[in-house]
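Visitor: All I have is the shape, not the residue letters:
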């Protein structure tokens, strides 16, 4: 009887120890840190940057039949602000650029856009770190015409429209490629022989680098 009772006590103690071991082992196991999740890319906020590229200027004299196109360098800066809702990005951007050289028809006759500024709305679709967008707005430009010995310089108002692709290099820096068509309407140059009417247009392709705050 005593042997049987001792066996039962030993068996019960063994079961109790076995049942307690998994909990003890679990307590001794190191706790894993939660996996780091990269925050979603955000386009929202202010940004400032610079741009450079080429502008294909097209000028023509309506009355005299002159028509000429020439490639000019364009460079300047931009400032903008974006709002973001999900994958959709809405923004406003203003820029100012200098263009060179002149569009020369022949000696003594030229027409050129010397500087250009636009204020545009942007609508984009962001996928990860990349955004494609369309843009349109108002354009201002300094237009100069020469028909020796006469010349005229004025600020013309028109419109600009286009689109682009922008990519986040990191949290603060973005790079993009943008194309714009600009129409500054018509301008006049009065000469002794009459009035010359010029049409002023340009297609712009430029690389943009922005710093996002």
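Guide: Cool, got the structure. Keep in mind that what you see is a predicted model, and the values were worked out from it rather than measured.

Visitor: Angles on the backbone of residue 193, please.
Guide: When read as degrees, to the nearest 10, the backbone of residue 193 gives phi -90, psi 0.

Visitor: residues touching residue 190, list them.
Guide: Residue 190 sits next to 150, 152, 196 when contact means C-beta atoms under 8 Å, 6 or more residues apart in numbering. To be clear about C-beta, it is placed using only N, CA and C from the backbone, and glycine gets the same treatment.

Visitor: Buried ones among the residues you listed?
Guide: Buried subset of those (neighbour count, 16 or more other C-beta atoms under 10 Å): 152, 196.

Visitor: Which of the contacts of residue 190 fall within strands?
Guide: Cross-referencing the contacts of residue 190 against strands under DSSP state E gives 150, 152, 196.

Visitor: for the last one, which residues make a bridge with it?
Guide: So the one you mean is residue 196. residue 189 (DSSP bridges).

Visitor: do you know how far it is from residue 188?
Guide: According to C-beta to C-beta, to the nearest Å, residue 196 and residue 188 sit 7 Å apart.

Visitor: Which of the ones in strands among the contacts of residue 190 sits closest to residue 44?
Guide: Nearest to residue 44 among those: residue 152, at 44.1 Å, using C-beta to C-beta.

Visitor: I'd say that closest one and residue 195 touch.
Guide: No - look at residue 152 against residue 195 with C-beta atoms under 8 Å: they stay out of range, at 10.4 Å.

Visitor: can you list residues touching both of these two?
Guide: Common neighbours of residue 152 and residue 195 (C-beta under 8 Å, 6+ apart) are 188, 189.

Visitor: which parts of whichever strand or helix holds residue 90 are buried?
Guide: Assigned by DSSP states H and E, residue 90 belongs to strand 88-100. Neighbour counts over strand 88-100 (16+ other C-beta under 10 Å) mark 89, 90, 91, 93, 95, 97, 99 as buried.

Visitor: So which elements touch whichever helix or strand comes after that strand?
Guide: Using DSSP H and E, the helix or strand that follows strand 88-100 in sequence is strand 103-106. Packing partners of strand 103-106 (3 or more C-beta pairs under 8 Å, 6 or more residues apart in numbering; DSSP states H and E): strand 45-61, strand 67-85, strand 109-127.

Visitor: among those strands, which is nearest residue 204?
Guide: Using C-beta to C-beta, the helices and strands packed on strand 103-106 put strand 45-61 closest to residue 204, at 4.7 Å.

Visitor: So what's the gap between that closest one and the chain middle?
Guide: In terms of C-alpha atoms, centre = their mean, to the nearest Å, the centre of strand 45-61 is found 13 Å from the chain centre.

Visitor: which residues of the chain score low on pLDDT?
Guide: For the chain, the stretches with pLDDT under 70 are 1-40.

Visitor: make it 90
Guide: Within the chain, the segments meeting pLDDT under 90 span 1-41, 58-70, 100-112, 128, 147-148, 188-199.

Visitor: In space, what's closest to the spatially most central residue of it - neighbours in sequence excluded?
Guide: By C-alpha atoms, centre = their mean, the chain has its centre lying nearest to residue 166, at 4.8 Å. Spatial nearest neighbour of residue 166, chain neighbours left out: residue 176 (3.4 Å); criterion: C-beta to C-beta, 6 or more residues apart in numbering.
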